[in-house]
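**Student:** using only what follows, build the 3D model:
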Amino acid sequence: PGSASITVVNSASAPSNALTFAVTPPVPSISSLSPSSATAGGPAFTLNVSGTGFVAGAAILWNGTPLPTTFASATLLSAAVSASLIVAPGSASITVVNSASAPSNAFTFAVTPPGPIITGVQNNYSYLLPGQPNYGIGPGTLFVITGSGLASATTVSGLQSSAAPGLPLSLNGASVSVTVDGVTTHPAFYYAIATQLALVLPSSTPIGTGTVTVTYNRASSPPAPITVLQSALGFDTLYGTGTGLGVATDNSTGAIFNYGNCAAPGQTIVLWGSGLGADPADSDTTFTSAPHPVNVPLQIYVGGIQAVIEYQGASGYPGVNQIDVTIPQEVQPGCAVAVAAVSGSITSNTITLPLNPGGGVCSDSILGLTGSQLQALNSETNYNSGAVYVSQATSSSETTNSAGGSFEKVQGKQLASGNGLASPGSCIVNAT
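**Tutor:** Below you'll find the predicted structure:
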């Protein structure tokens, strides 16, 4: 590139006026980009542009703005792309100019959304965590996957119906595969949002340790571990925390028990949850009006006393189990009587139930609490609590006197939910 001065002479005459002849740089042409895309939020990188007609001093333009460019040859340029240019999903127009030349043809560089990342796999009701001794997901269980980029953040669909044709195998651009012992199954969806998926693990999933993978927008997550057990029951809770007041209903009326409407010793109630185990007799995707029992070893303890199980199995809704039990007559009543299930060596999450002879409002005389007081706490922002004790212990050699107290401020809803509350005679175990 450059210029030449053009003049004319006639024999020995003086030269004519001069005109400039411009030798312009070639118009470059792009044939490919490497890489041609990057993930939004990713690190800085080097962009290589291949083509023809590149000259020293050529610049790669990102949406018309020059990038720090290195000339390698007439067919290759490279440029440093900072992380600030790929913060959000979108695209950029890439062109090349040679000094004062016209710009090249444009190539599109894609900035794609981040791929799915799985941070947790849990029973939808118990919320037990991996590493805890009773963690696991049973075949046929309603479970949740938490993370980021799992499904569309802008397209939000409601809770899916299990009425025919049944729950979908993909939703909001997301699909899931579970592989255990070489067998891959595909759970059906109840809902899908960017940070959480709710699904039913097919009953055909083998027992053992495997992996779960989420695919969204043609990108797959790194495989996350999943432990599939024969049975790992999780009880539903009124506040959806995996602890505190459980979801239990009157076997006759369907009414939900609470502090003001207690279950009674001797009464048959229905406990709700998920994770009893495989249910090949019923669909994993479609509601059935004639559900079947799930015959796995199971014991239910209410206030530490084993209850009689009248039915254990499917509820009709995919992934949702019901257990009908008769509360032992000898259970000590209270506002937070512990309930737990045991199947083999696996214990469920511990929930509580309000019990009172004849139903009505519960009370804990030793704790000085009534169901009416606990219900009122639900509207309180904070609640001040205090306890004082005096004790005397006598052994063969000495008598020891002691006294103490504790005072704390807690959220009203925390106590109203029953979280951390246990009636005399009960014991609760919470995951932390």
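
**Student:** count of neighbours near Ile117?
**Tutor:** 14 (other Cβ atoms under 10 Å). C-beta here means a position set from N, CA and C on the backbone, and glycine is covered the same way.

**Student:** am I right that Cys362 is in contact with Thr352?
**Tutor:** No - with contact defined as Cβ atoms under 8 Å, Cys362 does not count as touching Thr352 (10.4 Å).

**Student:** joint contacts of those two?
**Tutor:** Residues touching both Cys362 and Thr352 by Cβ atoms under 8 Å, 6 or more residues apart in numbering: Cys335.

**Student:** and the helices in the stretch 101-250 of the chain?
**Tutor:** With helices called from DSSP state H, counting those that start in this stretch, the stretch 101-250 of the chain shows none.

**Student:** likewise for the stretch 251-400 of the chain?
**Tutor:** Under DSSP H, counting those that start in this stretch, the stretch 251-400 of the chain gives helices at 371-377.

**Student:** where does pLDDT dip in it?
**Tutor:** 380-381, 383, 385-387, 389 (pLDDT under 70).

**Student:** how does it look with 80?
**Tutor:** Within the stretch 251-400 of the chain, the stretches with pLDDT under 80 are 365-368, 377-391, 395-396.

**Student:** excluding chain neighbours, what is closest to the residue nearest in space to the middle of the chain?
**Tutor:** In the chain, the residue lying closest to the centroid (Cα atoms, centre = their mean) is Thr146, at 1.4 Å. With sequence-adjacent residues excluded and distances taken as Cβ to Cβ, 6 or more residues apart in numbering, Thr146 is closest to Gly120, at 4.2 Å.

**Student:** what about Ala102, how many residues nearby?
**Tutor:** Considering only other Cβ under 10 Å, Ala102 is surrounded by 12 other residues.

**Student:** and the nearest residue to Ala174 once chain neighbours are set aside, what pLDDT?
**Tutor:** Excluding the flanking residues, the one nearest Ala174 by Cβ to Cβ, 6+ apart is Ala151, at 3.9 Å. On the pLDDT scale, Ala151 is placed at 93.

**Student:** quick one on the thing from earlier: gap between the residue nearest to Thr146 and Ser423?
**Tutor:** According to Cβ to Cβ, to the nearest Å, Gly120 and Ser423 sit 31 Å apart.

**Student:** settle it for me: which of these two has more neighbours?
**Tutor:** Shown here are Gly120 and Ser423; by other Cβ under 10 Å, Ser423 has more neighbours (26 against 13).

**Student:** that one touches Leu353, doesn't it?
**Tutor:** No - at 9.4 Å, Ser423 and Leu353 do not qualify as touching, with contact defined as Cβ under 8 Å.

**Student:** overlap in contacts, these two.
**Tutor:** Ala336, Val337.

**Student:** which residues sit in contact with the residue nearest to Ala174?
**Tutor:** With Cβ under 8 Å, 6+ apart, Ala151 has these contacts: Leu171, Asn172, Gly173, Ala174, Ala192, Ile193, Ala194, Leu197, Tyr216.

**Student:** got TSV for these, with distance to Ala224 too?
**Tutor:** Output for these, formatted as TSV (distance: Cβ to Cβ, whole Å):
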residue	distance to Ala224
Leu171	19
Asn172	19
Gly173	19
Ala174	14
Ala192	16
Ile193	18
Ala194	16
Leu197	12
Tyr216	14
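
**Student:** looking at the residues you listed, spot the one nearest Gly303.
**Tutor:** When the contacts of Ala151 are compared for distance to Gly303 (Cβ to Cβ), Leu197 wins out at 36.2 Å.

**Student:** against Leu197, how distant is the residue nearest to Tyr259 when sequence neighbours are not counted?
**Tutor:** Nearest residue to Tyr259 in three dimensions, chain neighbours excluded: Gly371, at 3.2 Å (Cβ to Cβ, 6+ apart). Gly371 is 37 Å from Leu197, where distance means Cβ to Cβ.

**Student:** the two: which has the busier surroundings?
**Tutor:** Each of Gly371 and Leu197 has its neighbours counted (other Cβ under 10 Å); Leu197 has more, 29 against 21.

**Student:** measure Thr184 to Pro25 for me?
**Tutor:** Look at Thr184 and Pro25: by Cβ to Cβ, they are 56 Å apart.

**Student:** neighbour count: these two, which is higher?
**Tutor:** Neighbour tally, Thr184 and Pro25, criterion other Cβ under 10 Å: the higher count belongs to Pro25, 19 against 12.

**Student:** look at the closest residue to that one other than its chain neighbours and report its pLDDT.
**Tutor:** Of all residues not flanking Pro25 in the chain, Asn98 sits nearest, at 3.6 Å (Cβ to Cβ, 6+ apart). For Asn98, the pLDDT comes out at 91.

**Student:** can you list the buried residues in stretch 340-348?
**Tutor:** For stretch 340-348, a neighbour-count test (16 or more other Cβ atoms under 10 Å) marks Ala340, Ala341, Val342, Ser343, Ile346, Thr347, Ser348 as buried.

**Student:** for the fifth one, give me its contacts.
**Tutor:** The reference is to Ile346. Counting by Cβ under 8 Å, 6+ apart, Ile346 makes contact with Asn134, Gly136, Leu229, Ser231, Ala232, Leu233.

**Student:** right, I'll leave it there.
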